[in-house]
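1. Predicted model, plus sequence, below.
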Amino acid sequence: MAEIILVRHGETEWNVKEVFRGRIDIELSETGRKQAELLAEYLSNTKVEAIYSSPLKRALQTAEVIARYHRLNVEIVPALIDFDFGRWQGLSRREVKDKYKELYTEWLENPHQIRIPDGEGLDEVRKRALGVVESILAKHEGTAILVSHRVVNKVLICALLGLDDSHFWNIKQDTGGITIFAYENNRFILTKHNDTSFLASLQKTPLSDF
């Protein structure tokens, strides 16, 4: 039986300020670094075969902390990179709501039907993320950790549950959160979702789904 652990990177300042990140290479904040350390400690007793990460710093920094506990190298996977928010990248939620009012409303109501200007659609995220999972299952029979981003993980969770991308807003994964799937008899089985129990010592209220 194989196991996939989906990790969302630790917090950044743009998560707190609700600024669209996408492909902009934002580093972890001080809180994000603490989250990564607590997450790594939590997973330290898990037998891990491999750790894969998005190339962006916020994910890679999180992955590297986890990897130290397992004496593994992080394998950077370009296909795990964050959603391309195109012209929205670097803008706050308020700026996007004001400048792209109709499109932003559609993003909230029918996220699977839109393409961000100069960006991508959720269908493209699904295709590349599933390709990563298929490749990992072909190489590993144990546990592999994938460190990525909110949109990528939400789309991938939907896909592994057999849900289409219209269910995007039915899934939430907080910064530093983990979701675990077992793969057995050609079926993905959700065994844990959005676990952030190990972050309790930070006494921090979870951010909105942004």
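-> The structure has been received and is ready for your questions. Numbering: from 1, shown residues only.

2. For this protein, which strand extends over the most residues?
-> Looking across the chain with DSSP state E, the single longest strand is strand 187-195.

3. So what's the gap between it and the chain middle?
-> Relative to the mean C-alpha coordinate of its chain, strand 187-195 is positioned 14 Å out (Cα atoms, centre = their mean, to the nearest Å).

4. what about that strand, average pLDDT?
-> The average pLDDT within strand 187-195 is 98.

5. Any buried residues in that strand, and which?
-> For strand 187-195, the neighbour count (16 or more other Cβ atoms under 10 Å) marks 188, 193, 194, 195 as buried. All C-beta atoms are positioned from the backbone trio N, CA, C, and that covers glycine.

6. what about residue 102, how many neighbours?
-> The tally of other residues near residue 102 (other Cβ atoms under 10 Å) stands at 7.

7. roughly how far apart are residue 178 and residue 148?
-> In this structure, residue 178 and residue 148 are 12 Å apart, going by Cβ to Cβ, to the nearest Å.

8. Likewise for residue 142?
-> Using Cβ to Cβ, one obtains 20 Å as the distance from residue 142 to residue 148.

9. quick one: which of the two has more around it?
-> In terms of neighbours (other Cβ under 10 Å), residue 148 is the more surrounded of residue 142 and residue 148; the figures are 31 against 12.

10. sorry, back to before: which residues do residue 178 and residue 148 both contact?
-> Overlap between the neighbourhoods of residue 178 and residue 148 consists of 6, 7, 8, taking contacts as Cβ atoms under 8 Å, 6 or more residues apart in numbering.
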